[in-house]
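Q: this is the structure alone, sequence omitted:
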């Protein structure tokens, strides 16, 4: 086990390194060309992830973004094996002044439905994201945009509120970045999956050939794609969705699918390593698992019975003092996850151990410190705590993970935990509608930069909508975003994590790697498990 943990630490550390160190790993699609063209065979991919919505303005989750990555065009993207953003359907993209980012599109772009793809679509796409501002969408990533101009058919100028945005090129390749057809999508509301497929509003490596939501999606290569990734290395692909990861494990063993990804249990992965017909691939990890506290509805929250901010904070501090991350990592995840002690994971610029410094004792739980926090605030014990988790989107092991959290809290005698679960489609909406006082979330990063663990989460309540607000935190997050001096930016990131650990808007638990299992004859999987955190079907062949 110790060897596995050391290896995983090396994998995790890669997540924050320069993308240049990863470019040697390029696979079939590397360099924008394909060894197989659009020939070869169809690739079958399996997952337990779920699609919330195909409309980029209406979803902000890995399952939905995985499909978007295959079919929508982006201004910026990265080659397999790299996280370095480069022009995709753009010919060039650069800062032409400290607050202006200018993009020149390639000529002759068009959608699969025959519509012209030009600067109007680009401006429309980002204006639309910001206007709709759906609670389930990624509009929070676009908060630095002041205005967008399209002076001609191939030119787009983004004017930013703050100069020298260190992440803007990556944001254009993130879940906020898909370009949509302005002749198909409405400007002020979401479009259904069925209407998107019917409208053939695609211009990525693939188009969707048939669509049965969260059951089976089939793709065929888009012949007129002119982006960075080039033609797929296969003749098409399917994505099959599983409600039970054990069924996915069985089908990868039987060869019914070529790749299984997100999520198999740690026990399953360990077992599949022994199968000579399969390969287990591990990539740089930025995935994070954490607990969210709703500042309105948690015990003593602003809208809860007996509302008292000091008592609410004491409850959060007590939980932070009682969780045993190492036990969860060892017993539930067999070392495929490691304890996480801050909001920015290990391997990224500015990562520290702020939660380890403040809570527990040297990373281990401390019931005495938890008891004192509650007693000092005048909180009667045991505290009734409603805790929610999701069993499908984050993998079946979530049940074991949160059963351990419940046991860790209750064995102290300080909490009585009501543990409940819900399926992802319900869970995702309910968590943002104040239905869960305390609940599980996971984070699969949009791009490889520490800001992606800060800006989406905390300013103005972030995408979680958990009613957390700290002006000093907001100020520091905004400052690091535009700080060009790396040493100063690192200090700002560390300082904001110290404040976040004091407030405990979220409680970081675990950090993991990317893991996929494929048939032994399948190529190109490792090249797409890179620090961009995008799985590209076009890289895979057999």
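A: Sure, I can see it. A quick note: this is a predicted structure, and the numbers were derived from the prediction, not measured.

Q: sec struct for residue 538, please.
A: Classification of residue 538 by DSSP: H, G, I helix; E, B strand; the rest coil places it in helix.

Q: could you report the neighbour count for it?
A: Residue 538: 30 surrounding residues under other Cβ atoms under 10 Å. In this view, the C-beta of every residue, glycine as well, is placed from N, C-alpha and C.

Q: do you know how far it is from residue 173?
A: 15 Å (Cβ to Cβ, to the nearest Å).

Q: now the helices: where do they sit in the stretch 401-542 of the chain?
A: In the stretch 401-542 of the chain, the segments counted as helices under DSSP state H, counting those that start in this stretch are 424-431, 471-482, 486-503, 525-528.

Q: highest mean neighbour count out of those?
A: Counting by mean count of other Cβ atoms under 10 Å, helix 525-528 has the highest mean neighbour count of the helices of the stretch 401-542 of the chain, with a mean of 24.

Q: just checking, what packs against it?
A: In terms of contacts (3 or more Cβ pairs under 8 Å, 6 or more residues apart in numbering; DSSP states H and E), helix 525-528 is packed against strand 278-293.

Q: beyond the strand it packs on, next helix or strand please.
A: Next in sequence after strand 278-293, counting helices and strands by DSSP states H and E, comes helix 309-322.

Q: distance from that next one to the middle of the chain?
A: 27 Å (Cα atoms, centre = their mean, to the nearest Å).

Q: now do that helix, average pLDDT.
A: In this model, helix 309-322 carries a mean pLDDT of 98.

Q: tell me what angle it forms with helix 486-503.
A: Between helix 309-322 and helix 486-503, the angle comes out at 110 degrees (axes from the mean of the first three to the mean of the last three Cα atoms, to 10 degrees).

Q: which other helices and strands does helix 309-322 contact?
A: helix 367-376, strand 383-389, helix 398-410, strand 415-421, strand 506-519.

Q: pick the most buried one from the ones you listed.
A: strand 506-519 (a mean of 24).

Q: tell me how far that one is from the chain's mean position?
A: So, by Cα atoms, centre = their mean, the centroid of strand 506-519 is 11 Å from its chain's centroid.

Q: partner strands of that strand and their direction?
A: The strands beside strand 506-519 in its sheet (DSSP bridges) come out as strand 259-261 (antiparallel), strand 278-293 (antiparallel), strand 337-339 (antiparallel).

Q: distance from the chain centre to the second one, please.
A: Looking back up the chat, that one is strand 278-293. 10 Å.

Q: which residue would you name as the spatial centre of this protein?
A: Taking Cα atoms, centre = their mean, the centroid of the chain lies closest to residue 444, which sits 2.5 Å from it.

Q: per-residue confidence at it?
A: Looking at residue 444, the pLDDT reads 84.

Q: do the same with the one 10 residues further on
A: We have a pLDDT of 96 for residue 454.

Q: distance of the residue lying closest to it once chain neighbours are set aside relative to residue 494?
A: Distance criterion Cβ to Cβ, 6 or more residues apart in numbering; nearest residue to residue 454, sequence neighbours excluded, is residue 477 at 4.9 Å. To residue 494, residue 477 is 12 Å away according to Cβ to Cβ.

Q: ok, residue 58 next?
A: Taken as Cβ to Cβ, the span from residue 58 to residue 494 is 35 Å.

Q: hang on, the earlier thing: so which of the strands paired with strand 506-519 gets nearest residue 414?
A: strand 278-293 (16.0 Å; Cβ to Cβ).

Q: same question for the closest one, mean pLDDT?
A: 91.

Q: contact partners for the closest residue to residue 521 other than its chain neighbours?
A: Leaving aside its sequence neighbours, residue 521 sits nearest to residue 542 (Cβ to Cβ, 6+ apart; 5.1 Å). Taking Cβ atoms under 8 Å, 6 or more residues apart in numbering, we find residue 542 in contact with 40-41, 43, 234, 258, 519, 521-523.

Q: ok, residue 467 touching residue 458?
A: No. Counting by Cβ atoms under 8 Å, residue 467 sits too far from residue 458 to count as a contact (11.6 Å).

Q: who's more crowded, the two?
A: Comparing residue 467 with residue 458 by other Cβ under 10 Å, the one with more neighbours is residue 458, at 27 against 17.

Q: could you find the closest non-adjacent residue to the more buried one?
A: residue 473 (5.6 Å).

Q: check residue 62 too.
A: residue 444 (4.4 Å).

Q: residues contacting the closest residue to residue 42 other than its chain neighbours?
A: Computed as Cβ to Cβ, 6+ apart, the closest residue to residue 42 that is not its neighbour in sequence is residue 236, at 4.4 Å. Taking Cβ under 8 Å, 6+ apart, we find residue 236 in contact with 42-43, 206, 209, 218-221.

Q: now those: which count as buried?
A: 43, 206, 218-221 (16 or more other Cβ atoms under 10 Å).

Q: in CSV: these, plus distance to residue 147 and secondary structure.
A: Formatted as CSV, those follow (distance: Cβ to Cβ, whole Å; DSSP: H, G, I helix; E, B strand; the rest coil):
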residue, distance to residue 147, secondary structure
43, 41, strand
206, 33, strand
218, 40, strand
219, 35, strand
220, 38, strand
221, 36, strand
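
Q: from the residues you listed, pick the one nearest residue 78.
A: Using Cβ to Cβ, those come closest to residue 78 at residue 206, 17.5 Å.

Q: could you list the residues in contact with stretch 305-317?
A: 293, 295, 298-302, 304, 359, 370, 373-374, 376-379, 383, 385, 503-504, 507.

Q: give me phi/psi at the closest residue in space to residue 225 that isn't next to it in sequence?
A: In space, and not counting its chain neighbours, residue 225 is closest to residue 205: 5.4 Å by Cβ to Cβ, 6+ apart. Backbone dihedrals for residue 205, given as degrees, to the nearest 10, come out at phi -60, psi -30.

Q: quick one: residue 205 from residue 106, how far?
A: Counting by Cβ to Cβ, the gap from residue 205 to residue 106 is 15 Å.

Q: skipping adjacent residues, who's closest to the residue sitting furthest away from the middle of the chain in space?
A: Most distant from the centre of the chain: residue 378, at 38.3 Å, with distances by Cα atoms, centre = their mean. In this structure, residue 378 finds its nearest non-sequential neighbour in residue 311, 6.8 Å apart by Cβ to Cβ, 6+ apart.

Q: nearest residue to residue 153 in space, please, no chain neighbours.
A: residue 118 (4.4 Å).
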